[in-house]
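Asks: How does the following fold in three dimensions:
(chains A and B)
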Amino acid sequence: MNAGDVPWLELSIGLPLVGALWVGRVRDTYAASRWCLGFSGLALVCTLAAWSGVRFGFAPTGGSPYDVLPRVLGFQLLTLDGMSAPLLPLVALLHFLTALATARTKMSRFSFAWLLVGDSLRLAVFALTGPRELGILLALNTLPPYFELRRRGRPTRVYVLHMGLFVALLFAGLGAGAVGADGTASVLLLLAVLVRSGTVPAHVWVPDLFENCSFGTALLFVTPIAGMYVAVRLVLPTAPDWVLTGIGAASLVTAVYAAGMAIVQRDARRFFAYLFLSHASLVLVGLELHTVISLTGALSLWMAVALSLGGLGLTLRALEARFGRLSLTDFLGLYGHSPSLAVCFLLTGLASVGFPGTLGFVAAEVLVDGAIGVNPFVGLVVIVAAALNGIAIMRAYFLLFTGVRRATGVSVGITPRERFAVLTLAALILGGGLVPQLHIDSRHRAAEELLRDRAAAARAGGD
Amino acid sequence: MTDPAQWMTWLGLGAVAAPGALVAILGLPSLLRRPLSERASDRVCRWAVAVGLVCSVGVLALMLATGERHVVIDLGNWVSIRHDSTGDGVENAHYHFALKFEFDRLSVPLAILSFTLVGTIGAFASRYMHREPGYNRFFVLYAVFLAGMVTASLADTIETLFMGWELVGLSSALLVAFFHDRPAPCRNGLRVWVVYRVSDAALLLAAVVLHHSTGEGDFDQLMGNASWPEGRAAVSGGQATVVGLLLLLAAAGKSALVPFSGWLPRAMEGPTPSSAVFYGALSVHLGAFLLLRMSPLIAVSVWLAVAIVALGLLTAVYAYLVGPVQTDIKSALSFASLAQVGIIVAEIGLGHWVPFLWYVALTHLLGHACLRTLQFVRAPTLLQDYRNLENALGDRLPRPPGPLARAPARMRAWMYRFALERGYLDAVLTDYVARPFARLFLWFDRLERRWVAFLTGSDATGDQPPLPRPAAPQPDPKPKPAEHRP
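Replies: Reported below is the predicted structural model:
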């Protein structure tokens, strides 16, 4: 049995699920946290192996002769390709780091079992290509935050309305596609993507979720940008150009609007929510143009944004664990307490806006270049949105970390677990920023593959 | 290894790598919470700056010896995407991000100037900042600034220049807010950052428009492979005007030209060494350098030249009027600096008609940067000397009348008010740009909250509610007095 025979993909999805069942029975929260770390860490290792399989060709589709699901279902349910393979380790890493950086004070209020359930569901989403299966998993994916809102006694209506709308549009679109109404299917799927990505005006569920859910759950639900995956898998291959233009136009408006909103927010969670919305929209902009360069830029930016905003969110979460909900109305002076968190905030925040030397820089450059090549106006708007996001990040940095240092009764310095998370993120962001060709190459191949599929679908439609 | 071209390549690489190594040596231990000691930081800074300076001077010496006036060091493509269509329905595509550095009559003097001034100020700051709580932070930002400045000076592509430009901007904004226990430096740091972001956006847009127009972002392509300042832009007059105006906007933000001049005196909140070398000498000239680098565009567009001259003269007159009423020495020096920068910019614009003026502008820039650094560094002791003199005299020292004293009596009060309010530039930008922007988005925010309240069926006015802050820290009852030496 060699490395390609191990069912890495199934293990990466199954292990967190088993872990969730196990952790759900553990009463001691610290023990639960350690078990959660173990299972999410194993899942991370499995996803890395699955990605290596695709990258180096020993398991090009992520499948293995020992897979269980094909024997049960009779077909290959889980598959990977160049586009989705690197996303799995990214999603698994975000879950692992979230479990790792959960402060002891918050462990009693944070469900590690649900984190593992979410890990498994999200990994499964990114390992599915079949429309029907993907739709079901995306619908299931909306459940963990709902249960947490219910458990915390917080309002659920905004979330339920939007996610209900998303699921309804998604299944309506899939249904229309199944009966051959391709035009209607494209429009319905377009609307589903816009709702799931939080595009204006269907975006209010994102700030609402961040305000009412635990930061960790909200962060893990939104940062992988599942809406982009829906768009790439279900919309891009067959949608007519005007549908993609519709996605692009709505995304451009959202990118600037959300960036402006991020600047005026007085609550750190809402600031983060709008920052995420702006970035998620910028990623979607690349789809509108569907050229090799713009799509490469969008796919690269997708990973850069997920990683950097994931890190930024974890930093804010670590600060919240120490100081409670963070206000952006006054200078809080937190630098003196946590200089490492300040550096991490700056690093991840600037990486998200494509600062030189970070992972996002080249991705943003490629996206802008691709946009300018097709439509200069799109490039202009992308640059304006990035500039506004940069202002929002630095404003939040100054408000959170500068000002008179406050006294605390206990040590609020960074913990070894958090330091590990910070250094891992810093290494990935700076390493990817200094040597971007590997990342760009991988996204370029994926973009070519997607566009080739689209061209083939168009030819088939023409025939 | 006797080939001068090879020597130049190695020396050029040394000049570029030294600041990068300094950032890594100072930054990585800080990231691991193992910052270098003051002595080690000082030593590393000296060595890095010395290596960079020696390499730059070495390149200059070889250029003079060989008569070569344009040396390009091509490190290859940092990122490259190439797709050649094979009939698969996907169009051809090509993108590259080249890492190229050029050594010519413009870049070498600025690189040498950067190493010289940053090295001088590093030596000064190692004593000035001794035992300051943010010593390590200062030197990490100092290293980032040097790396940005050298990258921008030696860049051969507009994308590489943009990298250096951004590094200079970030380090400058964070250094303005260096004394971050007080709110004023932080507010000023944010204001500087906002202006820089506008400037960055303009530069990035110019870069992509240029890339789009010429297919390349390389300066040597843009200038037809001729050495500075003899190149002619391979673009039409209209394209040159569009790109040039974007670059002028970028330069205006970076060099504090009208209407962005308000950030320059605010930047003086930072420590004196950073004020001296960044806002008095190097950072403030980066906009002028950008215009000099893009002089081939000025050569083909008369409208661009007119705009540059007008903006330069306007800035010079503005700074000349506003400077004399400043009540602190660093602000007065910053406006004096701005007046000279305005004149330098006007000289660059006039280069359209008399290209020799580009040399004049470069010489003016180099001389002015050195003089102003000296003045800034001397400022604290000068005040002390004045105080001693006045104590000895038992009276104020006589002051020569400023330009406002020569104004007609009817206008004097108005002009004084105008100067005191710094030409109302900050007020105009705040009242007509920043505030309407904030009001608009706060209005959107209220609308959204009402919409959410409607969806949830709750009663809400749309105002942002106060946040629960259960574990909010309390102000230290006995705050440790921080030492501020702006």
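Asks: Could you state which residue of chain B sits nearest its centroid?
Replies: Geometric centre of chain B, nearest residue: residue B:283, 3.4 Å, by CA atoms, centre = their mean.
Asks: measure the residue of the stretch 351-463 of chain A found nearest chain B to residue A:292 for me?
Replies: The stretch 351-463 of chain A approaches chain B most closely through residue A:455 (2.4 Å), counting by CB to the nearest CB. For the C-beta atoms, the positions are set from N, CA and C on the backbone; glycine is no exception. Distance, residue A:455 to residue A:292, by CB to CB, to the nearest Å: 11 Å.
Asks: ok, now residue B:355?
Replies: With CB to CB as the criterion, residue B:355 and residue A:292 are 42 Å apart.
Asks: Of those two, which one has the most company?
Replies: More neighbours surround residue A:292 than the other of residue B:355 and residue A:292, with 24 against 14 (other CB atoms under 10 Å in any protein chain shown).
Asks: I figured the more buried one hits residue B:93, correct?
Replies: Yes: taking contacts as CB atoms under 8 Å, residue A:292 lies within contact range of residue B:93: 3.8 Å.
Asks: Just to be sure, residue A:122 is in a strand?
Replies: No: counting by DSSP: H, G, I helix; E, B strand; the rest coil, residue A:122 is not part of a strand but helix.
Asks: I'd say it and residue A:91 touch.
Replies: Yes: counting by CB under 8 Å, residue A:91 is a contact partner of residue A:122 at 5.2 Å.
Asks: Need the overlap of contacts for the two.
Replies: residue A:224 (CB atoms under 8 Å, 6 or more residues apart in numbering or on different chains).
Asks: Can you name the residues that contact the residue nearest to the residue nearest to the centre of chain B when sequence neighbours are not counted?
Replies: Spatially, and ignoring its direct neighbours in sequence, residue B:283 is nearest to residue B:172 (5.4 Å; CB to CB, 6 or more residues apart in numbering or on different chains). Contact analysis of residue B:172 by CB under 8 Å, 6+ apart lists B:145, B:192, B:196, B:267, B:274, B:278, B:279, B:283.
Asks: Would you quantify the distance from residue B:172 to residue B:264?
Replies: Distance of residue B:172 to residue B:264, given as CB to CB: 11 Å.
Asks: so what's in contact with those two at the same time?
Replies: Common neighbours of residue B:172 and residue B:264 (CB under 8 Å, 6+ apart) are residue B:279.
Asks: list the contacts for the residue nearest to the centre of chain B?
Replies: Counting by CB under 8 Å, 6+ apart, residue B:283 has contacts B:145, B:149, B:168, B:172, B:254.
Asks: Now find how far off-centre the helix or strand of chain A with the lowest mean pLDDT is within its chain.
Replies: Sorting the helices and strands of chain A by mean pLDDT, DSSP states H and E puts strand A:406-407 at the bottom, at a mean of 72. Between the mean C-alpha point of strand A:406-407 and the mean C-alpha point of its chain there is a distance of 35 Å (CA atoms, centre = their mean, to the nearest Å).
Asks: Please identify the buried residues of the helix or strand following that strand?
Replies: As assigned by DSSP states H and E, the chain's next helix or strand after strand A:406-407 is helix A:416-434. Going by neighbour count (16 or more other CB atoms under 10 Å in any protein chain shown), the buried part of helix A:416-434 is A:417, A:418, A:419, A:421, A:422, A:425, A:426, A:428, A:429, A:430, A:432, A:433.
Asks: For the residues you listed, give me CSV that also has distance to chain B.
Replies: Putting those into CSV (distance: CB to the nearest CB, whole Å) gives the following:
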residue, distance to chain B
A:417, 15
A:418, 12
A:419, 8
A:421, 13
A:422, 8
A:425, 11
A:426, 6
A:428, 13
A:429, 11
A:430, 9
A:432, 12
A:433, 11
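Asks: Sort these by pLDDT and name the bottom one.
Replies: Comparing pLDDT over the buried residues of helix A:416-434, the lowest score belongs to residue A:422 (82).
Asks: Tell me how far that residue lies from residue A:227.
Replies: 28 Å.
Asks: Relative to residue B:143, how far out is residue B:24?
Replies: 9 Å.
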